[in-house]
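**Q** Everything below, folded, please.
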Amino acid sequence: MATQTRRKAAARTEPRASLKFSAINGVLLVLGLAAITAGYMLLARGSTVGAPLLLVLGYAVLVPLAIIL
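**A** Residues are numbered from 1 along each chain as shown. Below you'll find the predicted structure:
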């Protein structure tokens, strides 16, 4: 009886949404990681303008877009 109830409950639940990564996701992720790497390299050289811009672009724009799209 308990197994029938579990099967019915499992059959009634909606399928879970899964993340489907495509080529655009990979490109955006690579671009984000490249921007972050370049930002840290500029930061090590003492850049006060380019490094923060690249780091924000990588962390706040490109990597989240790679996950969302």
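**Q** now residue 17: how far from residue 35?
**A** 29 Å (Cβ to Cβ, to the nearest Å). In this view, the C-beta of every residue, glycine as well, is placed from N, C-alpha and C.
**Q** So between those two, which is more surrounded?
**A** Using other Cβ atoms under 10 Å, the more surrounded residue of residue 17 and residue 35 is residue 35, with 20 against 6.
**Q** Can you name the helix or strand that the more buried one falls in?
**A** Using DSSP states H and E, residue 35 sits in helix 23-45.
**Q** Could you look up the next helix or strand downstream of that helix?
**A** Assignment by DSSP H and E places the next element after helix 23-45 at helix 50-56.
**Q** chain center to that following helix: distance?
**A** 18 Å (Cα atoms, centre = their mean, to the nearest Å).
**Q** tell me which residues of it are tucked away?
**A** Buried residues in helix 50-56, counted by 16 or more other Cβ atoms under 10 Å: 51, 54, 55.
**Q** Between the residues you listed, which sits nearest residue 26?
**A** Comparing those against residue 26 with Cβ to Cβ places residue 54 closest, at 19.8 Å.
**Q** Present the buried residues of helix 50-56 as CSV; the columns should include distance to residue 26.
**A** Shown next, in CSV, are those (distance: Cβ to Cβ, whole Å):
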residue, distance to residue 26
51, 25
54, 20
55, 21
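**Q** circling back: tell me which residues in the helix holding residue 35 are buried?
**A** 25, 28, 29, 31, 32, 35, 36, 38, 39, 42.
**Q** Quick one: those as a markdown table, columns for distance to residue 66 and pLDDT too.
**A** Formatted as a markdown table, the buried residues of helix 23-45 follow (distance: Cβ to Cβ, whole Å; pLDDT from 0 to 100):
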| residue | distance to residue 66 | pLDDT |
| --- | --- | --- |
| 25 | 5 | 94 |
| 28 | 4 | 95 |
| 29 | 4 | 95 |
| 31 | 8 | 97 |
| 32 | 6 | 97 |
| 35 | 11 | 97 |
| 36 | 12 | 97 |
| 38 | 17 | 97 |
| 39 | 16 | 97 |
| 42 | 22 | 97 |
